[in-house]
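From the sequence below, what's the structure:
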Amino acid sequence: FPVTILLLDDKVEVLMKNRSPKELEGIFVEKFGPKDFEKFRTALIAVFKDPKFKTRVIDSLTSMSRMILNYSVSKKDSDGKSRGVIEQVALDDYGVESDGLLEMLDYLRDHVTGIRVLTAHETPVDIKDISGKVISTTWQLLTGGSKIARRIPGFFKEIYQFDVKKALAGGSKYTITTKNDGEHFANTILPIQVS
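Okay, here's the model as predicted:
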């Protein structure tokens with residue numbers, strides 16, 4: 001403690017809405033819009049260098065991806081080349097998204113101590129047989145490009161998949177998956193088994 005939250009999704013406010021000042025003590029939230037990539041990048045580096053923060057949260061990967069794509073499009077000059085702060089290896093916009101996300105993830109992995117939390121959304125991916133019949137469904141992180149989505153879990157030791165399902169008796173059942181079950185890419189090095 002303290003915790004800093006770099007908020008790209010505007011959903012944390014719901015959790016904080018009815019909390020007392022005492023409950024929110026030590027929680028710092030900085031908000032960014034979909035066109036604030038340079039501001040976000042600067043804040044991310046500053047917050048992750050600040051040793052007073054022991055827990056740092058980015059909410060969410062999906063919004064960061066969208067922010068990078070917006071940034072890429074806004075920084076193109078007349079010949080179509082990007083002139084922004086992202087060091088661009090690929091030429092298309094999804095390549096820039098990958099380069100931007102990898103830069104942020106490399107920074108989180110290589111320069112940061114303490115607890116790092118990155119929230120993400122998933123999307124179902126149907127696996128079909130040769131006739132087009134769906135034989136199974138897996139889940140992939142929701143980003144603009146599918147190649148970068150497959151690389152992101154490799155940056156983290158702890159991956160928890162949260163889900164809400166309909167309970168048999170009505171209402172909702174909340175689940176947490178901590179191990180790869182063939183459908184979700186959850187993982188933990190902790191001696192816990194939750195599913």
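
Pick out the residue nearest the middle of this structure.
Leu61 (2.3 Å; Cα atoms, centre = their mean).

Give me the spatial nearest neighbour of that residue, chain neighbours excluded.
Ala120 (3.8 Å; Cβ to Cβ, 6 or more residues apart in numbering). Where you see a C-beta, it was placed from the backbone N, CA and C, and this is true even at glycine.

follow-up on the earlier one: check whether the residue nearest to the centre of the chain really touches Ile152, as I assumed.
Yes. Leu61 is within contact range of Ile152, at 6.9 Å (criterion: Cβ atoms under 8 Å).

Mutual contacts of the two, please.
Jointly contacting Leu61 and Ile152 under the rule Cβ atoms under 8 Å, 6 or more residues apart in numbering are 101, 120, 141, 143.

got a list of what the second one touches?
Going back to what we said before, that points to Ala120. With Cβ under 8 Å, 6+ apart, Ala120 has these contacts: 60-62, 141-142, 152.

Go again with 10 Å.
Contacts for Ala120 (Cβ atoms under 10 Å, 6 or more residues apart in numbering) come out as 58-65, 141-143, 149, 152-153, 156, 159, 161.

Need the phi and psi values for the residue nearest to the centre of the chain.
Main-chain dihedrals, Leu61, degrees, to the nearest 10: phi -60, psi -40.

is it true that it touches Ala149?
Yes. The pair Leu61 / Ala149 is scored as a contact, 8.9 Å apart, by Cβ atoms under 10 Å.

Find the residues that touch each one of these two.
101, 120, 141-143.

hmm, which two among the residues you listed are most spread apart?
Leu101 and Leu142 (12.2 Å; Cβ to Cβ).

So those two - more neighbours on which side?
Per other Cβ atoms under 10 Å, whichever of Leu101 and Leu142 has more neighbours is Leu101, with 23 against 16.

so how far is Tyr160 from that one?
20 Å (Cβ to Cβ, to the nearest Å).

cool, His111 as well?
Between His111 and Tyr160 the computed distance is 23 Å (Cβ to Cβ).

Looking at the two, which has the bigger crowd around it?
Using other Cβ under 10 Å, the more surrounded residue of His111 and Tyr160 is Tyr160, with 15 against 10.

was I right about the more buried one contacting Pro153?
No. With contact defined as Cβ under 10 Å, Tyr160 does not reach Pro153; the gap is 11.6 Å.

just to revisit the earlier point, now which of the contacts of Ala120 would you call buried?
The neighbour count (16 or more other Cβ atoms under 10 Å) marks 58-65, 141-143, 149, 152, 156, 159, 161 as buried among these.
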